[in-house]
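*Asks:* Build me a model from this:
(one chain, ligands or ions: 1)
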Amino acid sequence: MVAEMIRILGAPFDKCGRMAGSRLGPGALRIADLEGALQSIRVAVRDDGDIPLPQSTEKGSGIPHFKEGVEVARRLRKRVADTIVSGDVPLVLGGDHSISIGSVSGAIQCFGRKLAVLWIDAHADYNTPATSPSLNLHGMSLAALVGFEVQEGRGAAELALDALVGFQVQEGRGADDWAELLESVVPAERLAPSHTAWYGLRDVDMGERAHIQASKGCLPLTMHDVDRYGVSETVAKFNRWMRESGAEALWVSFDVDVMDPVLAPGTGTAVRGGLSYREAHLLAELLHESLAAPGCPYRLVGLDVVETNPTRDRSNETATTAVEWVASLFGKTILGER
Ligand SMILES: [Mn+2]
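*Replies:* You can find the predicted model right below:
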């Protein structure tokens, strides 16, 4: 058994994403019977409902809807940290991917530098306001969690960007919001860049490439890697990396856009060429297998499922697929217990 009790927590917030609709994600996942799917594999689960949302509607002049985004993140950080402290495993339902700044910050608060993150996503979410083409916070979540600075001098990534023809680093833009985010949400210890892994990447911006290059020891597993080596070998590579990292706690952040839009059209951030149904399930099953293996030096301490947008979906297929994926991650197999 991976967990004592899984506690579902909804974060129906989508104002820091590309388009509205993922605020309906928690509802769509519940309608797809997330709780029942976990109960059916004898995992203890409880639904703690949704976090209350701030009332402000001010868009602001920097990162759009920053004030609301930062308040959601603060509330989620506290709820996630409290859940972990009580010995349970938070399962956070988004919402756009900006909510993970709050949820993972709660885990950093509990595990500090012993935390590693697996970001399963078509996108790296590794922009700062200086490099983001859109300035939407949902594309900056991981950059915030590792604490990239944009104000004090120029980091390695910005210097690398200078070498790219036609790329303009916009230093002033959103800088105050960014400083506030790093100050008031992300714990000072930060997520170690060398404890950051991606799976399924296929749409990475110029600035994000530079940030990945500047992040020593990180593990970016792209769709090219999945095509070339398959799910089995890429997960084995992730497992070796985890063991070498010294991390004791793993947070998994699952953006439904990692799946191919043919299979999971219900998202505002669809990119062609994603994981097939079978690849996605094998990924979940192999992750479960490694976590359940005797002597595994790390454990799963929390999970996000984000960017489910039922307004873009067909018959709730995306939420249904995400629920099946979560069940596989927590141990559902074709022949049951082995
Ligand atoms: Mn994402």
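*Asks:* Which helix runs longest in the chain?
*Replies:* Longest helix in the chain, counting residues (DSSP state H): helix 223-245.
*Asks:* C-terminal to that helix, what's the next element?
*Replies:* From helix 223-245 onward toward the C-terminus, using DSSP states H and E, the following helix or strand is strand 249-255.
*Asks:* Same question for the next helix or strand after that next one: list its buried residues.
*Replies:* Next helix or strand after strand 249-255 toward the C-terminus (DSSP H and E): helix 277-292. Burial within helix 277-292, assessed by neighbour count using 16 or more other C-beta atoms under 10 Å, is assigned to Glu279, Ala280, His281, Leu282, Leu283, Ala284, Glu285, Leu286, Leu287, His288, Ser290, Leu291. For the C-beta atoms, the positions are set from N, CA and C on the backbone; glycine is no exception.
*Asks:* what does this structure have sitting close to the ion?
*Replies:* His97, Asp121, His123, Asp125, Asp255 (C-beta under 5 Å from the ion).
*Asks:* Now the residue of the stretch 101-250 of the chain found nearest the ion. Nearest residue, chain neighbours left out?
*Replies:* Proximity of the stretch 101-250 of the chain to the ion (C-beta to the ion) peaks at Asp121, 4.1 Å away. Once flanking residues are discounted, Asp121 sits nearest to Asp255: 3.9 Å by C-beta to C-beta, 6 or more residues apart in numbering.
*Asks:* and the one you found, how far is that from Glu35?
*Replies:* 21 Å (C-beta to C-beta, to the nearest Å).
*Asks:* Pull stretch 54-69 out as CSV, backbone CA atoms only.
*Replies:* Extracted in CSV, the C-alpha atoms of stretch 54-69 (Å, rounded to 0.1, in the frame of the first residue of the first chain):
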residue,chain,number,x,y,z
PRO,A,54,-10.6,34.7,-3.2
GLN,A,55,-13.3,37.1,-4.4
SER,A,56,-11.1,39.7,-6.1
THR,A,57,-11.5,40.1,-9.9
GLU,A,58,-8.7,42.7,-10.5
LYS,A,59,-6.5,41.7,-13.4
GLY,A,60,-3.5,43.8,-12.4
SER,A,61,-0.8,45.2,-14.6
GLY,A,62,1.8,42.4,-14.4
ILE,A,63,1.0,38.7,-14.4
PRO,A,64,-2.7,38.5,-15.2
HIS,A,65,-4.9,37.9,-12.1
PHE,A,66,-1.7,37.6,-10.0
LYS,A,67,-3.4,38.6,-6.7
GLU,A,68,-5.9,35.8,-7.0
GLY,A,69,-3.4,33.3,-8.2
